[in-house]
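Visitor: Please find the sequence and the predicted model below.
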Amino acid sequence: MRILLVEDEERLARFLVRGLREEGHQLDHCTHGKDARARIEALGYDVIVLDWMLPDDDGIAILEHLRREGIRTPVLMLTARGETREKVLGLRTGADDYLTKPFEFEELLARLQALHRRSEGAAIEHVLGDVVLDAKKRALRHGRTEVSLTAREHALLSELFAHAGEVRTRAQLLGDVWGHAFEGDPNILDVYMGYVRAKLAKITEADATARVPSIKAVRGVGFRLSLEDEGR
């Protein structure tokens, strides 16, 4: 696995870095939230180990930011907070698992492996017509044409491809892609629909004969992804 460890406790971080690398995993380590956000947005990780309390930030704020940005990398939170309400807060914010300090290294390793298996078990490709939505590359593909996507664009297209032919309501898409606690301008959905339509159009520009799905607005309801000949 490629793992990002976000932990400022020096002794614990040193122990985890050594242990995980000895297990054969690629590991990056940082101690501050600002650095963590930049690394996560720039690089692809299989799992993130995130401490609750950091010198410049807290894990919950970082987690909220990642989920708002459509980054769905599995996150295991580390914390000295063992109360049930704290665990519930972390999980409801978007954490995939939770480990209270102190803990055994073997348990951490087992939990990370379980998170990785679970994420690998999810569909890494969606295919509709002649277009592939590739989760590993975070791109649209057709033949030799590859169109890269931002994390948010990929999250939005993942929802549409997974429910191809169905009408997804605005509320469903906002909740699934921006989070159910999203309180921003709901028109952001229309902005991103414009972005992903433009990305799909690049496939058509590269090959006018390709069967490329299109996104139709359903007035007063939401959006539907389908092939032109299936959408009639």
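Guide: Structure's in. What do you need? Numbering: from 1, shown residues only.

Visitor: what's the spacing between residue 74 and residue 41?
Guide: For residue 74, the distance to residue 41 (CB to CB, to the nearest Å) stands at 16 Å. In this view, the C-beta of every residue, glycine as well, is placed from N, C-alpha and C.

Visitor: Neighbour count: these two, which is higher?
Guide: For the pair residue 74 and residue 41, the greater number of neighbours falls to residue 74 (20 against 13), based on other CB atoms under 10 Å.

Visitor: quick check: domain ranges of this structure?
Guide: The chain breaks down into these structural domains: 2-121, 125-226 (assignment by automatic domain parsing).

Visitor: Could I get the average pLDDT for the shortest one?
Guide: Taken as a whole, domain 125-226 carries a mean pLDDT of 90.

Visitor: OK, contacts around the closest residue to residue 13 other than its chain neighbours?
Guide: Across the structure, with CB to CB, 6 or more residues apart in numbering as the measure, the residue nearest residue 13 apart from its sequence neighbours is residue 7 (4.4 Å). Shown in contact with residue 7 (CB atoms under 8 Å, 6 or more residues apart in numbering): 13, 16, 29, 31, 49, 51, 78.

Visitor: cool, and residue 32?
Guide: 8, 54, 55, 56, 57.

Visitor: Mind doing that once more with 7 Å?
Guide: Applying CB atoms under 7 Å, 6 or more residues apart in numbering, one finds that residue 32 lies in contact with 54, 55, 56.

Visitor: How much space separates the first one from residue 41?
Guide: When you say that, I think you mean residue 54. Distance, residue 54 to residue 41, by CB to CB: 17 Å.

Visitor: got it, and the second one?
Guide: Taking CB to CB as the criterion, residue 55 is separated from residue 41 by 20 Å.

Visitor: Tell me the secondary structure at the most centrally placed residue in the chain.
Guide: Most central in the chain under CA atoms, centre = their mean is residue 72, positioned 1.9 Å from the mean C-alpha point. Classification of residue 72 into helix, strand or coil gives coil, according to DSSP: H, G, I helix; E, B strand; the rest coil.

Visitor: longest single helix anywhere in the protein?
Guide: Using DSSP state H, we find that the single longest helix of the chain is helix 188-206.

Visitor: which secondary structure elements does that helix contact?
Guide: Using 3 or more CB pairs under 7 Å, 6 or more residues apart in numbering; DSSP states H and E as the contact definition, the elements that helix 188-206 packs against are strand 139-142, strand 145-148, helix 151-162, helix 170-178, strand 214-218.

Visitor: Pull the residues that contact it.
Guide: Contacts made with helix 188-206 from outside it, assessed by CB under 7 Å, 6+ apart, are listed as 131, 140, 142, 145, 147, 149, 152-153, 156-157, 170, 173-174, 210, 212-215, 223.

Visitor: Give me the buried subset of those residues.
Guide: 131, 140, 142, 145, 147, 149, 152-153, 156-157, 170, 173-174, 212-213, 215, 223 (16 or more other CB atoms under 10 Å).

Visitor: Pull out the buried positions in stretch 52-69.
Guide: Counting neighbours by 16+ other CB under 10 Å, stretch 52-69 gives 52, 54, 57, 59, 60, 62, 63, 65, 66, 67, 68, 69 as buried.
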